[in-house]
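# no sequence on hand, only this structure:
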Ligand SMILES: [Zn+2]
Ligand SMILES: [Zn+2]
């Protein structure tokens with residue numbers, strides 16, 4: 001006896017374009033009507049166009065970033081690093097101890113001009129009032145005394161004797177920037193929770 005092959009009744013499908021449910025003629029049919037087919041095709045090409053535009057914009061931004069001089073990325077990275085140092089230390093000057101100054105900077109013990117290789121060294125950079133930072137050229141004598149009290153003579157000597165120049169690459173700067181962005185975020189989060 002030949003078994004009758006029972007054909008499953010086609011299940012209704014939801015149109016990909018409108019809320020209508022329809023009985024597909026075959027498994028490839030995804031829309032209820034020619035009208036929806038056209039609309040779906042338009043939507044897809046619009047999406048494709050948007051994606052293309054987005055890709056072109058990203059490529060353009062990358063090209064623009066690539067032609068920026070390295071100094072631009074050094075400055076961007078310094079800004080992020082300095083933000084972290086100021087957040088880490090709060091409003092207190094390493095040189096004069098003031099806690100009521102109008103503004104505080106991230107002040108390098110060995111300056112970025114003299115020791116660029118220490119520009120992203122956490123031991124070498126501390127919160128400093130703007131007066132000490134700008135007008136007293138770092139108030140370096142009292143800076144050193146306070147620095148020894150804060151991190152110990154050994155680490156101060158390590159900074160003072162480190163004279164290996166370093167040229168940062170774009171990739172290194174990107175990594176450092178990402179690191180201090182993350183540290184800054186973590187610091188804020190920690191304080192919010194406290
Ligand atoms: Zn439809
Ligand atoms: Zn000061």
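Great, that's in hand. Every value quoted in this text rests on a predicted model; they were computed, and no experiment measured them. Ligands and ions are numbered 1, 2, ... in the order given.
# part of a helix, is residue 40?
Yes: according to DSSP: H, G, I helix; E, B strand; the rest coil, the state of residue 40 is that of a helix.
# wait, what's in contact with it?
Counting by Cβ atoms under 8 Å, 6 or more residues apart in numbering, residue 40 makes contact with 16, 17, 30, 31. Heads up, the C-betas are built off the backbone N, CA and C, glycines and all.
# can you put the residues you listed in CSV and add secondary structure, neighbour count and pLDDT?
Converted to CSV, the contacts of residue 40 look like this (DSSP: H, G, I helix; E, B strand; the rest coil; neighbours: other Cβ atoms under 10 Å; pLDDT from 0 to 100):
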residue, secondary structure, neighbour count, pLDDT
16, coil, 15, 91
17, coil, 19, 90
30, coil, 15, 90
31, coil, 21, 92
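# same list (those residues) but as a markdown table, adding distance to ligand 2.
Conversion of the contacts of residue 40 to a markdown table gives the following (distance: Cβ to the ion, whole Å):
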| residue | distance to ligand 2 |
| --- | --- |
| 16 | 67 |
| 17 | 68 |
| 30 | 70 |
| 31 | 71 |
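# so which of the residues you listed are also by ligand 1?
Residues of the contacts of residue 40 in contact with ligand 1 (Cβ under 5 Å from the ion): residue 17.
# how near is the nearest residue to residue 39 once chain neighbours are set aside to residue 79?
Spatially, and ignoring its direct neighbours in sequence, residue 39 is nearest to residue 17 (5.2 Å; Cβ to Cβ, 6 or more residues apart in numbering). Noted for residue 17: a distance of 49 Å to residue 79, by Cβ to Cβ, to the nearest Å.
# and this protein, which of its residues are near ligand 1?
15, 17, 18, 20, 32, 36.
# tell me the pLDDT at the closest residue to residue 98 other than its chain neighbours?
Closest residue to residue 98 in three dimensions, ignoring its sequence neighbours and counting by Cβ to Cβ, 6+ apart: residue 129, at 5.1 Å. Confidence at residue 129, expressed as pLDDT, is 95.
# ok, residue 129 touching residue 97?
No: counting by Cβ atoms under 8 Å, residue 129 sits too far from residue 97 to count as a contact (9.0 Å).
# settle it for me: which of the two has more neighbours?
Between residue 129 and residue 97, counted using other Cβ atoms under 10 Å, the more crowded position is residue 129 (26 against 11).
# can I see the domain layout of the chain?
Structural domains annotated on the chain: 32-67, 70-193, as defined by automatic domain parsing.
# doesn't residue 128 lie inside a strand?
Yes: for residue 128, which was evaluated using three-state DSSP, the result is membership in a strand.
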